[in-house]
Every structure is written in structure tokens, then in C-alpha cells.
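A.B. asks: Task: produce atomic coordinates for the following.
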Amino acid sequence: MGKSSTLSITNNLKELRARRNLTQEDLAQAVGVTRVTINYIENGEYRPSLELAFLLAGFFGKTIEEIFRVESLGGRNAKNK
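C.D. replies: Just a heads-up that it's a prediction; the model follows:
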């Protein structure tokens, strides 16, 4: 497990936020992070901690899997793990 991760994780955080007419700053304040953190997550430049993923899911009334999706797992489909 010493190798770097080969998971490709995407999210629909921007869409969920837009549906509620929230700014990145609004969402950041609601879950206790900076606006920059929300921006990085939305753009796939940062993977949130498990704690933050749970906070985001709870805020939107979704499961983590409804917000974050694994697109690939080291060349294997994530379902075949």
C-alpha cells in the first residue's frame, strides 16, 4: 500500500450547491472549512477527509456515495475489487 493511490474520484458537490443557491463561502461556513477547500474539492484538486465527506453528506441529506464516486481503481472497475 506504499504506492500512490490510483483512485479517480469525482464529485457532484458544485451541482448540489448550485441547486440550493449556495456560494462556496456559504457551504464552507456550514461545514467549518475555507472557501478555498470547497473550491479545491469541487475541482477535484483535493480529497476531503472522511470526516469532511460525512459533514458534506449530512449537510445535503445524501450519502457519501451520492456525492463522491470512484471512477477507476488502478485500471480495474471499482465494483470488481
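A.B. asks: buried ones in the helix-or-strand element of the chain with minimal mean pLDDT?
C.D. replies: Here the helix or strand of the chain ranked lowest by mean pLDDT, DSSP states H and E is strand 68-73, holding a mean of 84. Of all the residues in strand 68-73, those buried under the rule 16 or more other Cβ atoms under 10 Å are Phe68. Where you see a C-beta, it was placed from the backbone N, CA and C, and this is true even at glycine.
A.B. asks: do stretch 50-65 as well
C.D. replies: Quick answer for stretch 50-65 (16+ other Cβ under 10 Å): Leu52, Ala53, Leu55, Leu56, Ala57, Phe59, Phe60.
A.B. asks: how about CSV for those, with secondary structure and pLDDT added?
C.D. replies: Converted to CSV, the buried residues of stretch 50-65 look like this (DSSP: H, G, I helix; E, B strand; the rest coil; pLDDT from 0 to 100):
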residue, secondary structure, pLDDT
Leu52, helix, 98
Ala53, helix, 98
Leu55, helix, 98
Leu56, helix, 98
Ala57, helix, 98
Phe59, helix, 98
Phe60, helix, 98
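A.B. asks: Please, where are all the strands along this structure?
C.D. replies: For the chain, applying DSSP state E gives strands covering 7-11, 68-73.
A.B. asks: Closest to Thr23 out of the buried residues of stretch 50-65?
C.D. replies: Among those, Phe59 lies closest to Thr23 (Cβ to Cβ), at 14.0 Å.
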